[in-house]
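**Student:** Would you be able to build a 3D model of this:
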Amino acid sequence: MQWSLFVLILMGQCSFFTCHLYEYHFIPEGKTWEEAQSYCREHFTDLATVSDMRDVERLTNSSQTTDAWIGLRSINEREIKEWHWSLSGEKYYPTECKPGCASEWHTDEPNNAGHNPENCVMIKSSKKWNDDRCEKERKFICYNETGPQKYFLIDESKKWLQAQSYCRKHHTDLVSGFTQIRSEEFKTWVDKVNKIYYIWSSDLWIGLFREIWSWSDGKNVSFRHWDPDSFVDVASKTCAMTTPNGKWISDTCTNKKPFYCYDDKVILIKENKTWDEALTYCRVKHRDLVSITDRHQQRWVQEGAKRADTEFVWLGMRYTCTLDLWFWVIDRLVCYNNWAQEEKTRQVQCDMATTMKRDGKWYKKADNEKFNFFCVK
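**Tutor:** Model prediction:
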């Protein structure tokens, strides 16, 4: 094939491409949560992990019309609650504030004061955070991933879960993540809102919360989709299920229900190989080196990278000097990327391929270096 034709074919491959790196399977047989977990681990990978709204839609679009177990369970250990962001893929690191920067938390916060737990976070007009009871009704800030305007003040008081549900329906999510909160764009927006609503007396919900629920497969996926009108966080109901409308509720784990398993198509190979050796290995024993074409796939693969024995793992992307471009082994151009900041301006050389670090960022490496790698089956 001539290079010019090859480029034209690649150029048309940025859109209309969907590849699921894991598959869901509905099991109609009624089992307790633990029985369902054992079944999924024996026949597939594990009980279903749900990482974002796209996964919710995949389960909701199923022909099944009954409640079904998923892989989320409460361990009921109140002292080890962890903070999470509502927007999937955003991580909360309590030590992320480097020397010289000011903490977002108000003095003596979070304090979990009072008899009822304070598991949700509000931002004050001072831009400082306080934890508070999720059942309180407050105005809130939504975030849009696309479009000219990113942040929206919703001048309607809701409980935290109701606010989350509203933002996901009308925008993307509640404002989430240090990248958003610390951005100059967000700070400028807050200042503008303070001037317009000069009596901004309401403290506003943001997308930070803490809880004790975790996934069966151990993945640190923070996404939750609780039904704001039906979810009850009580000690006797410690297993989660999805309902026909896609929202989640909790129930007693010994009740018998149908369930969803998932089958992971991404395999971490803990052998050190060059990029070419990794490509050959994947194509002989599985299907190919993994390609990442959107943020959804990125989130899934980077969870696996944390288990690697090497600091970096090979991905299925390589640089061609002839065309001066990066392309995936599935013959697609790089329409989505997650390069580390320093890699964006680093000069590329021939015989380079792409790796992912354990934190999910991408790095350019000489293709004769040896790392673990991801195959797709």
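**Student:** rest of the way, CA atoms for contacts and neighbours
**Tutor:** Will do.
**Student:** Wait, a helix at residue 191?
**Tutor:** Yes: assessed with DSSP: H, G, I helix; E, B strand; the rest coil, residue 191 lies in a helix.
**Student:** For residue 189, the count of nearby residues, please.
**Tutor:** A count of neighbours around residue 189, defined by other C-alpha atoms under 10 Å, yields 16.
**Student:** Could you find the closest non-adjacent residue to it?
**Tutor:** Take residue 189 and drop its neighbours on the chain: the residue closest to it by C-alpha to C-alpha, 6 or more residues apart in numbering is residue 151, 7.5 Å away.
**Student:** could you measure the closest residue in space to residue 350 that isn't next to it in sequence against residue 352, distance?
**Tutor:** The shortest distance from residue 350 to any residue other than its chain neighbours is 5.5 Å, reached at residue 321 (C-alpha to C-alpha, 6+ apart). Counting by C-alpha to C-alpha, to the nearest Å, the gap from residue 321 to residue 352 is 9 Å.
**Student:** ok, back up a step: which residues does the residue nearest to residue 189 contact?
**Tutor:** Counting by C-alpha atoms under 8 Å, 6 or more residues apart in numbering, residue 151 touches 141, 142, 143, 144, 175, 186, 189.
**Student:** and the gap between the first one and residue 177?
**Tutor:** Using C-alpha to C-alpha, one gets 13 Å for the distance from residue 141 to residue 177.
**Student:** Looking at strand pairing, list the partners for residue 82.
**Tutor:** Counting by DSSP bridges, residue 82 is bridged to residue 211.
**Student:** Would you mind listing the buried residues in stretch 39-59?
**Tutor:** 39-41, 44-53, 55-56, 59 (16 or more other C-alpha atoms under 10 Å).
**Student:** likewise stretch 357-375?
**Tutor:** Neighbour-count burial for stretch 357-375 [16+ other C-alpha under 10 Å]: 357-358, 360-367, 370-375.
**Student:** Show only the entries of these found in helices.
**Tutor:** If you go by DSSP state H, those have nothing in helices.
**Student:** Identify, from these, the entry nearest to residue 271.
**Tutor:** Among these, residue 372 lies closest to residue 271 (C-alpha to C-alpha), at 5.2 Å.
**Student:** Thought residue 241 was touching residue 32, still the case?
**Tutor:** No: Residue 32 lies out of contact with residue 241 (C-alpha atoms under 8 Å); the separation is 11.4 Å.
**Student:** Looking at the two, which has the bigger crowd around it?
**Tutor:** For the pair residue 32 and residue 241, the greater number of neighbours falls to residue 241 (26 against 18), based on other C-alpha under 10 Å.
**Student:** Can you list the strands that the strand or helix carrying that one pairs with?
**Tutor:** According to DSSP states H and E, residue 241 maps onto strand 239-242. Within its sheet, strand 239-242 is paired with strand 68-74 (antiparallel), strand 248-251 (antiparallel), according to DSSP bridges.
**Student:** Redo those strands as JSON lines? Include mean neighbour count, distance to residue 26 and mean pLDDT.
**Tutor:** Output for these, formatted as JSON lines (neighbours: other C-alpha atoms under 10 Å; distance: least, C-alpha to C-alpha, whole Å; pLDDT from 0 to 100):
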{"stretch": "strand 68-74", "mean neighbour count": "25", "distance to residue 26": "8", "mean pLDDT": "94"}
{"stretch": "strand 248-251", "mean neighbour count": "22", "distance to residue 26": "16", "mean pLDDT": "93"}
